[in-house]
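Chemist: the sequence and its predicted three-dimensional model are supplied below.
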Amino acid sequence: MTEATMMTEASPIPTAKPHLPDAQIVTEVRHWTDRLFSFRVTRPQSLRFRSGEFVMIGLIGDNGKPLLRAYSIASPAWDDALEFYSIKVPDGPLTSKLQHILPGDEIILRPKPVGTLVHDALLPGKRLWFLATGTGIAPFASLMREPETYEKYDQVIMMHTCREVAELEYGRELVESLKDDPLIGEMVGDKLVYYPTTTREPFHHMGRVTDNLASGKVFADLGLPPMNPGDDRAMVCGSLAFNVDVKAILEGFGLCEGANSDPRQFVVEKAFVGDGI
Ligand code: FAD
Ligand code: A2P
């Protein structure tokens with residue numbers, strides 16, 4: 001150990017608010033339930049992304065190093081600020097702290113957006129289905145505000161399932177606000193169809209996305225034909241188990257999974273890593 005290092009360890013630098021690497025400032029925080037919150041931060045001028053992509057964000061951990069996690073950008077590519085929609089995991093290394101952020105605080109944001117839930121990964125079609133559970137609605141909160149979504153499709157169906165009604169509120173409020181949105185409201189028109197369901201609390205529509213697709217209930221409710229590979233495109237975002245089950249159903253309708261480099265009829269992304277993997 002050099003003398004200089006010993007000196008540093010023995011005499012810590014006087015406390016001043018650290019300026020985080022890749023820091024952005026929190027501008028707004030909303031708590032939706034005791035497990036869900038959303039927040040907005042400043043957008044780095046240089047950040048370009050495609051609606052639906054995700055970035056790494058975080059805070060400085062207890063060891064003084066950046067503690068980063070993948071987060072879908074919930075705001076559209078044209079927005080001046082960046083929005084995120086987050087779970088609060090009680091003992092989660094990041095979210096146990098992140099849930100306490102306030103306007104004016106700093107977060108770390110690595111400006112390298114990536115992801116498969118992008119328009120480029122799908123072949124042209126008539127109808128676009130967004131299929132999500134829980135915080136898996138975040139990339140679709142971006143895509144529902146993206147003009148390209150309405151330029152490319154005649155109809156856009158947002159299926160979102162949560163255990164309880166309160167967990168649907170972020171999505172419900174967003175969809176409701178789009179009708180009157182000065183920038184995109186006219187494009188959205190009546191193209192956007194919202195189909196929220198719960199599984200563990202009574203609600204006017206209930207049942208898992210998978211069951212409502214497999215039984216044909218959602219098609220009957222909306223007056224649409226069953227999915228077919230000529231007309232229907234889908235983007236899927238939920239737990240690994242959800243994604244696996246939905247993928248099998250979409251393949252049963254004859255749709256094939258695509259990617260950025262190989263556009264096809266549907267794309268899938270994990271809303272989080274867990275479920276024992
Ligand atoms: P972690 O140690 O990361 O997770 C602990 C456990 O909590 C996990 O094993 C899992 O069982 C559970 N968990 C983690 N995230 C979730 C979740 N979102 N919903 C339900 N259970 C969860 N999270 C978001 O809240 N919003 C997003 O937009 C988002 N986008 C993501 C995009 C991608 C591509 C991936 C891979 C993950 C995304 N996540 C998102 C999950 C996120 O990266 C973190 O896992 C989450 O913020 C919890 O971090 P943590 O350190 O507190 O706990
Ligand atoms: P259910 O209540 O029947 O388990 P979670 O809170 O566990 O992440 O689940 C979010 C929502 O996703 C719940 O409504 C849950 O339904 C549903 N869900 C969980 N796993 C699947 C799956 N494999 N297929 C379809 N829906 C699922």
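Modeler: Thanks, I have the structure now. Ligands and ions are numbered 1, 2, ... in the order given.
Chemist: hmm, Ile184 is touching Leu178, no?
Modeler: Yes: using C-beta atoms under 8 Å as the test, Ile184 is close enough to Leu178 to be in contact (6.5 Å). All C-beta spots, glycine's among them, are computed from the backbone N, C-alpha and C.
Chemist: so what sits against both of the two?
Modeler: Listed as contacting both Ile184 and Leu178 by C-beta atoms under 8 Å, 6 or more residues apart in numbering are Arg145.
Chemist: let me know the pLDDT of the residue of the stretch 51-200 of the chain found nearest ligand 1.
Modeler: Across the stretch 51-200 of the chain, the shortest distance to ligand 1 (C-beta to the nearest ligand atom) belongs to Gly92, at 1.9 Å. At Gly92, the pLDDT value in this model is 97.
Chemist: now do Lys17
Modeler: So, for Lys17, pLDDT stands at 52.
Chemist: how about the one 5 residues further on?
Modeler: In this model, Asp22 is scored at 93, pLDDT.
Chemist: what ranges do the strands span in the stretch 151-277 of the chain?
Modeler: If DSSP state E, counting those that start in this stretch is used as the criterion, the strands of the stretch 151-277 of the chain fall at 155-162, 192-198, 232-238, 266-270.
Chemist: near ligand 2, which residues of this structure are found?
Modeler: Counting by C-beta under 6 Å from any ligand atom, the residues of the chain lying close to ligand 2 are 133-134, 161-163, 199-200, 208-210, 239, 241-242, 245.
Chemist: mind redoing it with 8 Å?
Modeler: 133-134, 161-163, 167, 197-200, 208-211, 238-239, 241-242, 244-246 (C-beta under 8 Å from any ligand atom).
Chemist: which ChimeraX command selects the buried ones in these?
Modeler: Of the residues of the chain next to ligand 2, the buried ones can be selected in ChimeraX as follows, counting by 16 or more other C-beta atoms under 10 Å:
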select :133,134,161,162,167,197,198,208,209,210,211,238,239,242,245,246
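Chemist: Leu94 contacts Tyr71, doesn't it?
Modeler: No: between Leu94 and Tyr71 there is no contact under C-beta under 8 Å: 9.5 Å.
Chemist: which one's more surrounded, these two?
Modeler: Comparing Leu94 with Tyr71 by neighbour count (other C-beta atoms under 10 Å), the higher total belongs to Tyr71, at 22 against 18.
Chemist: now the stretch 101-250 of the chain, which segments are flagged as low pLDDT?
Modeler: By pLDDT under 70, the stretch 101-250 of the chain has no low-scoring segment.
Chemist: coming back round to it: what about the residue of the stretch 51-200 of the chain closest to ligand 1, neighbour count?
Modeler: Neighbours of Gly92 using other C-beta under 10 Å come to 15.
Chemist: next one: it from ligand 2, what distance?
Modeler: 14 Å (C-beta to the nearest ligand atom, to the nearest Å).
Chemist: check Ser51 too.
Modeler: Taking C-beta to the nearest ligand atom, one finds Ser51 at 23 Å from ligand 2.
Chemist: longest strand anywhere in this structure?
Modeler: In the chain, with assignment by DSSP state E, the single longest strand is strand 23-33.
Chemist: what strands line up against that one, and which way round?
Modeler: strand 36-42 (antiparallel), strand 106-114 (antiparallel) (DSSP bridges).
Chemist: quick one: name whatever helix or strand follows the shortest one.
Modeler: Read that as strand 36-42. Following strand 36-42 in sequence order, the next helix or strand is strand 54-60 (DSSP states H and E).
Chemist: quick check: mean pLDDT of that following strand?
Modeler: Strand 54-60 comes out at a mean pLDDT of 97.
Chemist: sheet partners, orientation included, of it?
Modeler: By DSSP bridges, strand 54-60 pairs with strand 66-72 (antiparallel), strand 106-114 (antiparallel).
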